[in-house]
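In: Let's see this in three dimensions:
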Amino acid sequence: MLHVVHHPDYVAPGAVGSGFAFDKYGLVMQALAESGVPHIIHAPDPMPVGWIEAIHDPAYVAEVLACAVPPVKERRIGFPIVPRTARRAQLAPGGTWMAAKLALEHGYAANMAGGSHHALADTGAGYCVFNDLAITANRLIEEGDAGRVMIVDLDVHQGDGTAALLARRPDIFTFSIHAEKNFPARKARSSFDLGLPDGTDDAAYLIALGETLPRAIDDFAPDIILYQAGVDPHGDDRLGRLALSDEGLAARDGFVMHEARRRGLPIASALGGGYGADRMAVARRHVATILALHRAFVAAPLTA
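Out: Below is the predicted model of the structure:
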């Protein structure tokens, strides 16, 4: 059975003048229902404040929760922090945490939001408020659920916030394949980075992934993988610079799951980036990624 994490408050009204539309998070649930794939929906609790403060500056956390984020930080985030977006910022990390716990129990689970990999210690950025990936990785280790966590980030944009927040953590490995010339202009240093040239297609992308991910997993030997499964490497994405097709994304996701599954590793995925005027098309792209992961999970035998 496919386990997904969703909360109605993942959906918030779009902000005037912002390029970010929160209705995507409702549309993905509609697209999942249309797929006909049986699934169980789990509702997360807001991430406890102390768990967020273990990664983010408490002063910044307080600004978000009080809806008192300075305008300069709101501009970096890309939308205003109002009660609905502040609540959502606390729920999405709770969802990634819940997906990780479900993955430890069932092998795979998907948060239908999250992947906020640009958020830094004292500010959000790039439509990201709190870094759910870093918060969850830290908490898995603090709770004793994992000794070593790998974050595999295949969004078209480098996970600069995740890399910066976890730079001194030998127990957390950050892996990023992204478009070299895309946002952010100034890249952070992940445990492993590979910047790809504009227009990279399915074949070149899959070769690059195949030559790097298995070795990184074997060398680091994680207990769980958190997968930032952004669909913005797609050739039709409004903010992407790569040229993957639907089939290329499916092959990407199947490969990630196969590599985890044959080592006996659970995976929790977060939605990540995906942008376009046709938001239902983007939502279906996200759901296709989750279903590709689920199919590969079911098909691949557990060999470790």
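In: which non-adjacent residue is nearest Trp51?
Out: Distances taken as Cβ to Cβ, 6 or more residues apart in numbering put Arg139 closest to Trp51, at 5.5 Å, once the chain neighbours are dropped. Bear in mind the C-beta positions are built from the backbone N, C-alpha and C, glycine included.
In: Can you classify that neighbour by secondary structure?
Out: helix (DSSP: H, G, I helix; E, B strand; the rest coil).
In: Pull the number of nearby residues for it.
Out: For Arg139, the neighbour count with other Cβ atoms under 10 Å is 23.
In: Wait, it touches Gly94, no?
Out: No: in this structure, Arg139 is not within contact of Gly94 by Cβ atoms under 8 Å, at 10.4 Å.
In: which outside residues touch the helix or strand harbouring Glu74?
Out: For Glu74, the host element (DSSP states H and E) is helix 71-77. With contacts defined as Cβ atoms under 8 Å, 6 or more residues apart in numbering, helix 71-77 is touched by Tyr60, Glu63, Val69, Pro80, Ile81, Thr123, Gly124, Ala125, Gly126, Tyr127, Cys128, Val129.
In: What subset of the residues you listed is buried?
Out: Tyr60, Glu63, Val69, Ile81, Thr123, Gly124, Ala125, Gly126, Tyr127, Cys128, Val129 (16 or more other Cβ atoms under 10 Å).
In: from those residues, which is closest to Met29?
Out: When those are compared for distance to Met29 (Cβ to Cβ), Tyr127 wins out at 19.5 Å.
In: doesn't Thr85 fall inside a helix?
Out: Yes: counting by three-state DSSP, Thr85 is part of a helix.
In: what's the distance between it and Ile41?
Out: Distance of Thr85 to Ile41, given as Cβ to Cβ, to the nearest Å: 22 Å.
In: okay, these two: which has more neighbours?
Out: Set Thr85 next to Ile41 and count neighbours by other Cβ under 10 Å: Thr85 wins out with 22 against 13.
In: and that one, how far is that from Thr123?
Out: For Thr85, the distance to Thr123 equals 15 Å [Cβ to Cβ].
In: Could you pull up the mean pLDDT of stretch 142-157?
Out: For stretch 142-157, mean pLDDT rounds to 98.
In: got the end-to-end distance for that stretch?
Out: 28 Å (Cα to Cα, to the nearest Å).
In: starting at the chain centroid, how far to it?
Out: Between the centre of stretch 142-157 and the centre of its chain there are 10 Å (Cα atoms, centre = their mean, to the nearest Å).
In: Name the residues of that stretch that come out as buried.
Out: Ala146, Arg148, Val149, Met150, Ile151, Val152, Asp153, Leu154, Asp155, Val156, His157.
In: how about those in TSV, adding distance to Val256 and secondary structure?
Out: Shown next, in TSV, are these (distance: Cβ to Cβ, whole Å; DSSP: H, G, I helix; E, B strand; the rest coil):
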residue	distance to Val256	secondary structure
Ala146	18	coil
Arg148	17	coil
Val149	15	strand
Met150	11	strand
Ile151	12	strand
Val152	6	strand
Asp153	11	strand
Leu154	7	coil
Asp155	13	coil
Val156	15	coil
His157	18	coil
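In: Return the closest of the residues you listed with respect to Thr174.
Out: The nearest one, if we look at the buried residues of stretch 142-157 relative to Thr174 and count by Cβ to Cβ, is Ile151, at 5.1 Å.
In: How about the secondary structure of Arg189?
Out: Per three-state DSSP, the local secondary structure of Arg189 is coil.
In: Could you say which helix or strand holds the closest residue to it other than its chain neighbours?
Out: The shortest distance from Arg189 to any non-neighbouring residue, by Cβ to Cβ, 6+ apart, is to Ala163 (6.0 Å). Under the criterion of DSSP H and E, Ala163 resides in helix 160-165.
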